[in-house]
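> have a look at this prediction, sequence included:
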Amino acid sequence: MKIPKTHREFYELDMNEGWETPHGYPAGIKQKIISGVLDEKNKTGSRSRLIKFEPGAFTTVPFKHDYWEEIFVFEGDLRVGNDLQGKGGERFGPMTYAVRPPGSFHGPCASDKGCMVFEIHYYDEEDKPK
């Protein structure tokens, strides 16, 4: 069953409310779901979200998931490939973009000055086993 997104014309996002720490992420990294639902158990749907890293926040292990991911850094700095102490990695600034197919290892991620990232996650029917 595909879970559709709701049609909404332009509306202002409340940037002060609705933030939560995603499951498995450390404090200092918050998400705000802005559209859709990603059902990882049934491997359906899609979601659009904002991710906010506070200055100095970082993850410590690489990510791998079974859905597509598109990421657009529009504010601040994001480093990818840091060590367990949040040091090192390749730095990306505003107006940088990545697209990752299912099964791609990426991360961990860190931010020195903080950042805001727009992400789209989705399952593609063509990627499902026949």
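Yep, it's here. Numbers count the residues shown, from 1 in each chain.
> strands of this structure, residue ranges please.
29-39, 44-53, 68-76, 78-80, 90-92, 96-100, 109-110, 115-122 (DSSP state E).
> out of those strands, which gets nearest to Val61?
With distances scored as Cβ to Cβ, the stretch of these nearest to Val61 is strand 109-110 (10.4 Å). For every residue, glycine as well, the C-beta is placed using N, CA and C.
> ok, and what's touching the closest one?
Phe53, Gly56, Ala57, Phe58, Thr59, Leu78, Arg79, Val80, Asn82, Gly86, Lys87, Gly89 (Cβ atoms under 8 Å, 6 or more residues apart in numbering).
> what subset of these is buried?
The neighbour count (16 or more other Cβ atoms under 10 Å) marks Phe53, Ala57, Phe58, Thr59, Leu78, Arg79, Val80, Asn82, Gly86, Gly89 as buried among the contacts of strand 109-110.
> the first one bridge partners, please.
Legend: beta-bridge partners of Phe53 under DSSP bridges are Ile29, Cys115.
> all set, thanks.
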